[in-house]
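Structure, please.
(one chain, ligands or ions: 2)
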Amino acid sequence: MSDLIEGFLGKSVEGKKSKLPAQLDYIQSATGLFLGLFMWVHMFFVSTILISKDFMYDVVQMLEGSMFLKEPQPAITSFAVLVVSAVFIAHGLLAMRKLPINFRQWQSYRTHMGMMNHKDTSLWFIQAATGFVLFFLGSAHLAMMFAKSHEIGPYASADRMYTDIMWPFYLLLLLAVEFHGSIGLYRLCVKWGWFEGANAKETRAKLKKLKWAITVFFLGLGLVTLAAYVKIGYEHRDNAGERYERTSHLELRHDGKVKA
Ligand code: HEM
Ligand code: HEM
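Ligands and ions are numbered 1, 2, ... in the order given. Okay, here's the model as predicted:
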């Protein structure tokens, strides 16, 4: 009954407003923070190809449990994808509350943005637009990684980029996620007053510089990594589909021994 009254009047029987919007905002920030930090770790894993094919191969095997299991299990990757997807979906659903949903709201936002000419308001626009792109491309990537977790490796990933012509998809995803993620983390710091210190204005200027440095670093790293996969895919084009074999046969086994 009390739900019904609140549903009609927007207030509880005692006249209090629901705490739910604030709680939803909190969950949105927490999921955003998780995804933002996950993407940093993810970019380091993916860019191991820049060190060597063997190194990327070893890292993939390790993430598939080679240190503990007799045989590496790609199902572990699929499980990790499910966990990340759950957070991704929760974040996307909650974020949708913030998007202008009809022409009137959209017009009003644009007018305010133009009149205020305030950089942080314009940043929100970039975040909403890149979030919309991520909704499609991010979901497709996660579905692909879930279904093809056994096809991750120096050759399998590179063949996907070049022979399966997935590099334009990854280029768009990379641009969207890097801008969205670093703007998001910056906005999180401002929103919750993290690292505020004595002079909030000064901190905001510093945070903004840091945000740009992080965007440039991860975008640069991502582009070089993408180029490396495309190059390997191009060189491997006549043997696309063939799996990578380690060049040196030193391998750390699940029992802790080194196999030659
Ligand atoms: C389904 C795809 C996604 C959509 C639709 C989406 C959309 C949004 C929107 C509209 C906001 C601004 C919310 C506000 O003004 O309060 C936001 C915030 C944020 N997003 Fe996303 N996003 C998505 C995926 C991601 C991913 C993959 C990351 C990781 C890089 C991420 C990280 C963040 C962060 C850190 C925030 C700041 C949270 C806050 O202000 O409370 N998002 N997202
Ligand atoms: C547990 C979940 C995830 C796994 C296992 C995973 C795995 C991978 C792998 C193996 C690649 C290399 C290319 C390939 O083999 O196709 C890759 C690239 C990429 N992923 Fe993910 N990914 C995950 C989540 C995400 C999420 C949530 C996003 C952002 C929405 C994302 C964005 C990207 C981007 C932008 C690239 C290209 C990076 C570059 O070339 O520099 N990934 N991912």
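
Going by C-alpha atoms from here, please, whenever you check contacts or count neighbours.
Noted.

Quick check: residues of the stretch 1-150 of the chain near ligand 1?
Residues of the stretch 1-150 of the chain lying close to ligand 1 (CA under 6 Å from any ligand atom) are 28-29, 32-33, 35-36, 39, 88-89, 92, 95, 98, 127-128, 131-132, 134-135.

Now the buried members of those residues.
Buried subset of those (neighbour count, 16 or more other CA atoms under 10 Å): 28-29, 32-33, 35-36, 39, 88, 92, 95, 127-128, 131-132, 134.

which one among those residues gets closest to residue 205?
Sorting these by how near they are to residue 205, with CA to CA, puts residue 127 at the top with 18.9 Å.

mind listing what's buried in the helix or strand hosting the closest one?
Assigned by DSSP states H and E, residue 127 belongs to helix 119-147. If you call a residue buried by 16+ other CA under 10 Å, then helix 119-147 has these buried ones: 123-124, 126-128, 130-134, 137-138, 142-143, 145-146.

Run through the stretch 1-150 of the chain and note the low-pLDDT ranges.
For the stretch 1-150 of the chain, the stretches with pLDDT under 70 are 1-2.

how about the helices of it, start to end?
Using DSSP state H, counting those that start in this stretch, the helices of the stretch 1-150 of the chain run over 2-9, 20-46, 53-63, 74-96, 103-116, 119-147.

picking that back up, of all the buried residues of helix 119-147, which comes closest to ligand 2?
residue 138 (4.0 Å; CA to the nearest ligand atom).

Contacts only, for the closest one.
Contacts for residue 138 (CA atoms under 8 Å, 6 or more residues apart in numbering) come out as residue 173.

ok, and which of the residues of the stretch 1-150 of the chain next to ligand 1 reach ligand 2?
Restricting these to those within reach of ligand 2 (CA under 6 Å from any ligand atom) leaves residue 134.

show me where pLDDT drops low in the stretch 151-260 of the chain?
248-260.

what does it put close to ligand 1?
So far as CA under 6 Å from any ligand atom goes, the stretch 151-260 of the chain lies against ligand 1 at 177, 180-181, 184-185, 187-188.

a markdown table for the residues you listed, including secondary structure and neighbour count?
Formatted as a markdown table, those follow (DSSP: H, G, I helix; E, B strand; the rest coil; neighbours: other CA atoms under 10 Å):
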| residue | secondary structure | neighbour count |
| --- | --- | --- |
| 177 | helix | 25 |
| 180 | helix | 24 |
| 181 | helix | 24 |
| 184 | helix | 22 |
| 185 | helix | 19 |
| 187 | helix | 21 |
| 188 | helix | 16 |
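
re the thing from before, farthest pair within the buried residues of helix 119-147?
123 and 146 (32.0 Å).

Provide a list of residues in contact with the residue sitting nearest the centre point of the chain.
Nearest residue to the geometric centre of the chain (CA atoms, centre = their mean): residue 39, 4.4 Å. Listed by CA under 8 Å, 6+ apart, the contact set of residue 39 reads residue 181.

make it 10 Å
By CA atoms under 10 Å, 6 or more residues apart in numbering, the contact list for residue 39 reads 33, 45, 177-178, 181, 218.

Please identify which of the residues you listed is nearest to ligand 2.
Using CA to the nearest ligand atom, these come closest to ligand 2 at residue 177, 5.7 Å.

Now do the closest one against residue 158, distance only.
Counting by CA to CA, to the nearest Å, the separation of residue 177 from residue 158 is 20 Å.

And for residue 112?
In terms of CA to CA, residue 112 sits 45 Å off from residue 158.

who has more neighbours, these two?
Under the criterion of other CA atoms under 10 Å, the comparison of residue 112 against residue 158 puts residue 158 first, with 30 against 13.
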